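Colleague: sequence and predicted structure, then a few things I'm wondering about:
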Amino acid sequence: MQKRLGLLLIILCGFFCSLGGAASPTDEAYQRGKTAYDRQDYATALREWQPLAQQGHPAAQTALGWMYERGQGVARDDTEAVKWCRKAAEQGYTLAQISMGELYEQGRHITQDLAEAQRWFAKAAEALPPGPERNGVIQARDRVAQQLAAAQVPRPPPGPSAPASAQPRRALVIGNANYRDMPLRNPEHDATALAATFAEDAADLFERLGDLDRAYEARAVTAAERSV
């Protein structure tokens, strides 16, 4: 938060101090817009800055972008804010480049793109003379570079997956730790197959027991008849 506040102060300082010695009619119109903006007369500021922005004046484009972002004198419009700021940045206007870097870094009004944020901060750092303003932008550039590096740390590949099976299986052999990854070759060790074998044997056993009961019953009747 402290770094972002410092960078914001740099931007605001440049915004309000960028017109020292203005003399041309274009710069005079910009200065009138700035004076109106300072006293929160946003309608007048918009009236002065909008024609300049449409003519390609980068400082007016940047200021107009900020007005759209904040809804000052116009309806808030994030698309227009980014559009005007980008136009100024593409002309090499340093304050707009810094703004584009922050927009991309924070994902504000635009899809977050750390590579683009680093690119715009780097452009602004190259254009600024040595001093605290340039140092602040360099810190922002390096901060984004660290975020990019952290996001690109390679992850270990996933381990081998267990073979697909229609039904869950359980090993009956104690100590067979590889059963989940390596199917058993002995069907007797497969719980599902063994359960089926038990079912077949049980059915046969019950049938045999039934035969024994019927034979015992016949012998008992015969013995009773003989005793009468």
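Modeller: Arrived safely.

Colleague: just give the nearest non-adjacent residue to residue 148, would you?
Modeller: residue 114 (5.0 Å; C-beta to C-beta, 6 or more residues apart in numbering). Where you see a C-beta, it was placed from the backbone N, CA and C, and this is true even at glycine.

Colleague: ok, the one you found to residue 52 distance?
Modeller: The gap separating residue 114 from residue 52 is 32 Å, by C-beta to C-beta, to the nearest Å.

Colleague: okay, the nearest residue to residue 134 once chain neighbours are set aside: pLDDT?
Modeller: Computed as C-beta to C-beta, 6+ apart, the closest residue to residue 134 that is not its neighbour in sequence is residue 128, at 3.9 Å. The predicted local distance difference test score for residue 128 is 95.

Colleague: same check, this time on the one 10 residues further on
Modeller: The predicted local distance difference test score for residue 138 is 95.

Colleague: any idea which element it lies in?
Modeller: Residue 138 is part of helix 132-151, with elements assigned from DSSP states H and E.

Colleague: list the helices and strands that helix packs on?
Modeller: With contacts taken as 3 or more C-beta pairs under 8 Å, 6 or more residues apart in numbering; DSSP states H and E, helix 132-151 sits against helix 2-17, helix 94-106, helix 114-127.

Colleague: what's the span of stretch 98-115, first residue to last?
Modeller: Using C-alpha to C-alpha, to the nearest Å, the gap from the first to the last residue of stretch 98-115 comes to 14 Å.

Colleague: point out where the protein drops to low pLDDT.
Modeller: Counting by pLDDT under 70, the low-confidence segments of the chain come to 1-23, 153-228.

Colleague: mind running it again at 80?
Modeller: Segments of the chain classed as low confidence (criterion: pLDDT under 80) are 1-23, 152-228.

Colleague: per-domain residue ranges of it.
Modeller: Following automatic domain parsing, one gets these domains for the chain: 2-151, 168-228.

Colleague: what's the burial count for residue 137?
Modeller: Under the neighbour criterion other C-beta atoms under 10 Å, residue 137 is assigned a count of 26.

Colleague: that one is in contact with residue 121, isn't it?
Modeller: Yes - because the distance of 5.7 Å satisfies C-beta atoms under 8 Å, residue 137 is recorded as touching residue 121.

Colleague: overlap of the contact sets of the two?
Modeller: Taking C-beta atoms under 8 Å, 6 or more residues apart in numbering as the contact definition, residue 137 and residue 121 share the neighbouring residues 98, 101.

Colleague: buried residues in stretch 62-72, which are they?
Modeller: By neighbour count with 16 or more other C-beta atoms under 10 Å, stretch 62-72 contains the buried residues 62-69, 72.

Colleague: and those residues, which is closest to residue 29?
Modeller: If you rank the buried residues of stretch 62-72 by distance to residue 29 using C-beta to C-beta, residue 63 comes first, at 11.9 Å.

Colleague: wait, what's in contact with the closest one?
Modeller: Contacts for residue 63 (C-beta under 8 Å, 6+ apart) come out as 15, 33-34, 37, 45, 49, 53.

Colleague: swap the cut-off to 10 Å and go again
Modeller: 15, 18, 30, 33-34, 37, 45-46, 48-50, 52-53, 57, 72, 84-85, 88, 95-96 (C-beta atoms under 10 Å, 6 or more residues apart in numbering).

Colleague: ok, back up a step: got the angle between the helix holding residue 138 and helix 94-106?
Modeller: Angle, helix 132-151 to helix 94-106, by axes from the mean of the first three to the mean of the last three C-alpha atoms, to 10 degrees: 30 degrees.
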